[in-house]
Structure formats: C-alpha cells, structure tokens
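> Got a sequence here, can you model it:
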Amino acid sequence: MRRVAILASLLAAAAFAQCGTEEERIIHVREKLVPSLSTAQLDTLRRYLELGTRSCPTSGDLWYYRSLLEQKAGTPNMAKYALTQAQNFGSAALKEGIDPFRTNERLLHADRSAPGAVREKWALVVGVKAFRDPEIPALTYTTKDAADFAAGLTDPAAGRFKKENVKVLVDSEATVRGIREGIGWLRQRAKPDDLVVVYISTHGSPKSMDALGVSYLIVNDTVIDPPEKLYATAYQMVDLVEDLNRDIAAKRLAVFLDTCHSGDAIRQAETTDGESPDTAAGFSGAFRSFELGPGRAVLTASRAEESSWESSRIQNGYFTHFLIEAMRQNGGLSTVKQIAAYVQSHVKAAVETDLHHSQTPVFGASPQGDTIVLGQ
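Now for the predicted structure:
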C-alpha cells in the first residue's frame, strides 16, 4: 500500500490539549467557505467557531475567522468585537490578509470566456519517497513516478511541454515551503491563455485520521505527532487549493494527485444528474472553490476510503502508470476527461486483478475544465 494507514493510527493515539484542535477547526471551516453559503450553513459555521472561541479564547485566528463569518452574516457589532480579539491575540491570518471570501469572490467574478489558443505550458511535478520523520514509512516509486510523469509531459509525442517549463521537486526539495515556492515559480510565469499542470505523488491522509476532518498531503519535512506539528508541517489540501486559486492566472489548470484517500478532497456525496459521484459532475470538500474558476480539472488516485497502490511489476504507482499511458493516447490530444476515463477503468481493473483491492480514481472539473488537452 502506498499511502499507509499507520499515519491514521499514530494520530488517533495522540492526545489533544484544550486548544490543541484550534488549527484543525480553522481548516475545517475554511474548507466550507464559499460565496454560495446558505443561511443555515453560515449559521452552523458561526456556531462552530463560537464554540471554538469559548474553549480557546486566546486563539487569534479563531477570532479572525469568526469575524469574517459574523460580517458575512450581517452582525457588525459581533464582527467588530471578534476582529478586536483577533488583533489582541495576534492573528497570523489577519496579519497576512487572508480572506477566503475575498479570494472566492474574485473567482466568482472571474472572466469565464473561453481561453484562446494555448500561449505557453508550465508544470510543477512533486514526488516524495523519503521523509525526515522516522514515523512516516518510506515509499517505493513516488520519485520515479514524478520523473516518469515529467518525461511524459516533455515527450514530443505526448505532452509536448518544453523541458525548461517543467519544474520537478523530489524528497528534500518537496517541503511545504518548497512546493509553495514552486507555485510561486508558476505564478511569475503563467498568463491567462497558458496551460498549467500540477502533479503530486506522496502520502495522503484520510479525513477520518483527523479529529476535525482535515485532509493533508504529507511532505518531506512533515512531522505527524503531536497533531499541532502535523498542522504546521504538512500541506493542508485547502491551502493547496487556495494557493492555486490565488496565484495561478491561467484559464487552464489540471491537477493530478497520486495519494491515498485523495478523492476525499473532491468527491461529491451526491449528484443531481444521475451520474456517479466519481464523474466530472463537480467538486466538494477542499476543491469546492475550484468550481468557481474557469478551466479547472482535478484527477485523484483513489476514493476517500481507498488507498493508492504501487506495483513492483510495473515499477510505478498504478495511477501514475496509467495516467502516463492515457497521456500518450490519441497522439497526446485526448481531453483530460478522456484521460480520466481511461485511468479510472484501467486502474480499477489492474488493482483488482493484481492485488484484489479496490482503487477508483476520482475526477472533477469546472466549466471548460474537462476539455483541457495536455498535448495541444
């Protein structure tokens, strides 16, 4: 198994102090902050943060996010008080000017016109095999996955990316800071008519392993115990989404995640059109705000309850192996929706045959996202 369950058992055994869950509580709320919040949803989140500020009244960030929700709910006096408390207790989010509502409002009013011809293509490719924390099991093929995927992108018969436009980060380079710097590299270069690809292969955490249902990508310098160190050193899925939403101007963005439980970030609990939850019907969870931006697509390795498996026979993770195969189909001119269908069917069949386990990749796309062509 690639992204192993031992991480969950270690975290489940950890004890939380009175304020020990404040960071997870904040992320839990951030994953749900979208402009289309109903009155009932807004009220639920407000009460949730009200309980948080009562149990941990010295958390500046809890007060700050509460102030945003109070303002959104039309209770200015409470919003002002919460903001004052956030200032008094040194909210880092306030100092950094973080405002999920503002970020999402920008996406809501983004230019949704179809992009023109692809001007340029850029990619950030991440693979983590070794981890500094000895409690985190090493992986076998993740750095090879990253190298092979990058090679598929630059193959003139497949992705047709320029080699200098593909940044690869592996192991010691693949820290939270390193990945954010990689996104900053994309930010400096990608224009609205460009195509951007982000690929990450590492351990992933199920929401069930966290007391408040937070999803994480485990990177090279992650420390998983105690939980506050996990919060500080792993890459929260909602942070990845916010960083990409805020910093990538390109109208074409495709994200590929080869981690366990990664479908938890986008899987729809239900659909309104009769489709399977694992089709391109839309987003939920951490990737919910991707629905608001034009030309966004996400393909993950497995459903929320599943692991992402590796194979000594094919010398890759199953997901990455068939992803690269799919990229080479049709002269590299398949849409990401077609790529997703190929990966879903082949991964599911191969894992069932070889290992007698279940692994089903999950796909989601915003308007114009499912028509992205990597090799154009």
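> What distance do you get for the spatially most central residue of the chain to Val255?
Relative to the mean C-alpha position of the chain, the nearest C-alpha, by CA atoms, centre = their mean, is the one of Met237, at 4.0 Å. Using CB to CB, to the nearest Å, Met237 is found at 11 Å from Val255. In this view, the C-beta of every residue, glycine as well, is placed from N, C-alpha and C.
> got it, and Glu242?
13 Å.
> One more: Arg54?
Using CB to CB, we find Arg54 at a distance of 37 Å from Val255.
> Helix, strand or coil: sort out Gln359 for me.
For Gln359, the assignment made with DSSP: H, G, I helix; E, B strand; the rest coil gives coil.
> What residue, apart from its backbone neighbours, is nearest it spatially?
Val351 (4.3 Å; CB to CB, 6 or more residues apart in numbering).
> so how far is Ala301 from the residue nearest to His357 when sequence neighbours are not counted?
Nearest residue to His357 in three dimensions, chain neighbours excluded: Val351, at 5.5 Å (CB to CB, 6+ apart). Counting by CB to CB, the gap from Val351 to Ala301 is 10 Å.
> So for the two, which residue has more residues nearby?
Per other CB atoms under 10 Å, whichever of Val351 and Ala301 has more neighbours is Ala301, with 31 against 22.
> re the thing from before, between Arg54 and Val255, which one's more packed in?
Val255 (25 against 9).
> element containing the more buried one, please.
strand 252-258 (DSSP states H and E).
> what sits up against that strand?
Residues external to strand 252-258 that are found in contact with it (CB atoms under 8 Å, 6 or more residues apart in numbering): 2, 115, 118, 142, 145, 149, 194-202, 204, 217, 244, 265, 293, 295-301, 308, 317, 319-320, 323, 336, 368-369, 372, 374.
> now do 7 Å
115, 145, 195-201, 244, 295-301, 308, 317, 319-320, 323, 336, 372, 374 (CB atoms under 7 Å, 6 or more residues apart in numbering).
> Likewise for stretch 77-93?
Taking CB under 7 Å, 6+ apart as the rule, stretch 77-93 contacts 58-61, 63-67, 70-71, 94.
> Pull out the buried residues from it.
For stretch 77-93, burial by neighbour count (16 or more other CB atoms under 10 Å) applies to 78-79, 82-83, 85-86, 89, 91, 93.
> Check stretch 309-320 too.
309-311, 316-320.
> Under the pLDDT cut-off, which ranges of the chain? List them.
For the chain, the stretches with pLDDT under 70 are 1-21, 23-24, 31, 34-36, 102-112, 206-214, 261-286.
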